[in-house]
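Student: here is a sequence with its predicted model. Questions after.
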Amino acid sequence: MDNNKTYVGTELNHNLWQTKLADYALLVKLKLSLVVVVSSVLGYLIVSDGNGLFIDIIKLVIGGFLVTGAANAINQVLEKDFDILMTRTANRPVATGRMKSSEAIMFSGISCLIGISILASFNPITAFLGMLSLIIYAFVYTPLKRYSTSAVAVGAMPGALPVLIGATAFDANISMYAFCLFIIQFLWQFPHFWSIGFVGFEDYKKAGYKLVPSDGEKIDRNLGWSSMVYATLIIPVVLVLYVFGNVSVFSTILVIFLTLAYMFLSYNLQKNFDRAAALKLMFFSFFFLPSVLISYWLI
């Protein structure tokens with residue numbers, strides 16, 4: 001009997017730990033945080049041109065992940081009353097009450113402190129950009145998206161900063177190359193955000209989020225044109241990089257080809273204005289950014 005009780009107790013503790021780990025994965029938005037970290041690492045690899053240090057990459061991964069996780073935890077504390085209203089976020093730990101807000105805030109504070117300290121070990125600029133990203137995302141973008149569609153532009157700032165953080169971690173300054181990468185990632189986010197907003201419009205509407213231009217009930221019919229404009233603006237940045245950034249003609253051609261596809265799918269959303277077109281643009285946006293960064297790194 002005692003052995004059975006011990007087994008049951010051990011199994012119960014194991015399940016509790018699994019549940020707690022799963023909740024923390026949701027709290028930091030694990031998949032999103034990993035994407036952010038990859039973007040930052042690619043920024044480092046591109047600018048270092050093979051001269052970087054492996055230990056620096058490890059530090060960048062850990063520091064970037066902790067700062068991103070801290071921002072996401074604050075976001076969920078601030079949005080807990082709205083997350084519970086949407087299908088895609090209803091199971092988040094703070095929203096459901098499985099995790100207290102105080103626990104999430106304590107985790108965020110510790111993660112932020114350690115993460116920024118790691119980024120500061122590179123240089124002050126990298127630490128400043130990391131802290132700026134957290135502040136804009138958690139305390140400007142998060143509340144603003146219930147009041148204005150300008151939140152998309154504001155959110156695009158911390159969304160684009162990771163590649164700049166990675167670049168400055170190597171050379172301690174914001175070079176033209178690094179700045180162009182930042183602008184590409186900034187512009188990329190508008191079709192990306194709007195396609196996601198189109199697909200999840202009804203769900204976002206439940207919480208009062210204004211992630212796409214609309215009259216409150218219907219999405220602006222020119223959303224595809226707007227997406228196409230921002231996608232098109234990537235082209236001149238790519239050309240500036242080619243002329244002044246010492247990048248290869250092959251990577252330039254590939255990135256222009258990817259951008260033309262991004263523009264076409266934005267046009268397709270304008271033409272068909274349906275869920276299928278928005279999904280195509282959304283899924284291509286997931287493929288577009290890493291493909292662009294990897295092409296600049298490897299080609």
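Tutor: That came in fine, so what should we check first?
Student: can we go C-alpha only for contacts and neighbour counts from here?
Tutor: Fine.
Student: so what's the residue count around residue 88?
Tutor: 12 (other C-alpha atoms under 10 Å).
Student: you'd agree it is in a strand?
Tutor: No: read with DSSP: H, G, I helix; E, B strand; the rest coil, residue 88 is coil and lies in no strand.
Student: per-residue confidence for it?
Tutor: What the model reports as pLDDT for residue 88 is 90.
Student: contact partners for it?
Tutor: By C-alpha atoms under 8 Å, 6 or more residues apart in numbering, the contact list for residue 88 reads residue 203.
Student: what's the answer for the one 4 residues further on, then?
Tutor: Remark: with contacts taken as C-alpha under 8 Å, 6+ apart, residue 92 is in contact with 23, 26-27, 76, 83-84.
Student: which residue is the nearest non-sequential neighbour of residue 34?
Tutor: Excluding its sequence neighbours, the residue lying closest to residue 34 (C-alpha to C-alpha, 6 or more residues apart in numbering) is residue 65, at 7.0 Å.
Student: please apply the same query to residue 64.
Tutor: Using C-alpha to C-alpha, 6+ apart, the nearest residue to residue 64 is residue 37, at 5.9 Å.
Student: any idea whether the residue nearest to residue 148 when sequence neighbours are not counted is helix, strand or coil?
Tutor: Distance criterion C-alpha to C-alpha, 6+ apart; nearest residue to residue 148, sequence neighbours excluded, is residue 210 at 5.9 Å. The three-state label given to residue 210 by three-state DSSP is coil.
Student: quick one: residue 210 from residue 165, how far?
Tutor: Distance from residue 210 to residue 165, counting by C-alpha to C-alpha, to the nearest Å: 28 Å.
Student: these two: which is more packed in?
Tutor: Taking other C-alpha under 10 Å, residue 210 and residue 165 do not tie; residue 165 has more neighbours (31 against 22).
Student: other SSEs contacting the helix or strand harbouring that one?
Tutor: Here residue 165, judged by DSSP states H and E, is contained in helix 151-171. The contact analysis (3 or more C-alpha pairs under 8 Å, 6 or more residues apart in numbering; DSSP states H and E) places helix 151-171 against helix 30-48, helix 54-78, helix 124-135, helix 176-199.
Student: what's the average pLDDT for that helix?
Tutor: 96.
Student: including mean pLDDT, mean neighbour count and distance to residue 289, could the helices and strands packed on helix 151-171 go into CSV?
Tutor: Output for the helices and strands packed on helix 151-171, formatted as CSV (pLDDT from 0 to 100; neighbours: other C-alpha atoms under 10 Å; distance: least, C-alpha to C-alpha, whole Å):
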stretch, mean pLDDT, mean neighbour count, distance to residue 289
helix 30-48, 95, 21, 9
helix 54-78, 97, 23, 18
helix 124-135, 98, 20, 19
helix 176-199, 96, 22, 7
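Student: that older thread, show me which of the contacts of residue 92 is closest to residue 189.
Tutor: Nearest to residue 189 out of the contacts of residue 92 is residue 76 (C-alpha to C-alpha; 21.2 Å).
Student: touching, that closest one and residue 94? I think so.
Tutor: Yes: between residue 76 and residue 94 there is a contact under C-alpha atoms under 8 Å: 6.7 Å.
Student: overlap in contacts, those two.
Tutor: In contact with both residue 76 and residue 94: residue 27, using C-alpha under 8 Å, 6+ apart.
Student: just to revisit the earlier point, rebuild the contacts of residue 92 as CSV, extending it with distance to residue 244 and secondary structure.
Tutor: Below are the contacts of residue 92 laid out as CSV (distance: C-alpha to C-alpha, whole Å; DSSP: H, G, I helix; E, B strand; the rest coil):
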residue, distance to residue 244, secondary structure
23, 46, helix
26, 42, helix
27, 41, helix
76, 42, helix
83, 45, helix
84, 49, coil
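Student: could you dump those residues to JSON lines with distance to residue 251?
Tutor: Converted to JSON lines, those look like this (distance: C-alpha to C-alpha, whole Å):
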{"residue": "23", "distance to residue 251": "40"}
{"residue": "26", "distance to residue 251": "36"}
{"residue": "27", "distance to residue 251": "37"}
{"residue": "76", "distance to residue 251": "39"}
{"residue": "83", "distance to residue 251": "41"}
{"residue": "84", "distance to residue 251": "44"}
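Student: now, of the residues you listed, which are buried?
Tutor: Neighbour-count burial (16 or more other C-alpha atoms under 10 Å) is assigned, among the contacts of residue 92, to 23, 26-27, 76, 83-84.
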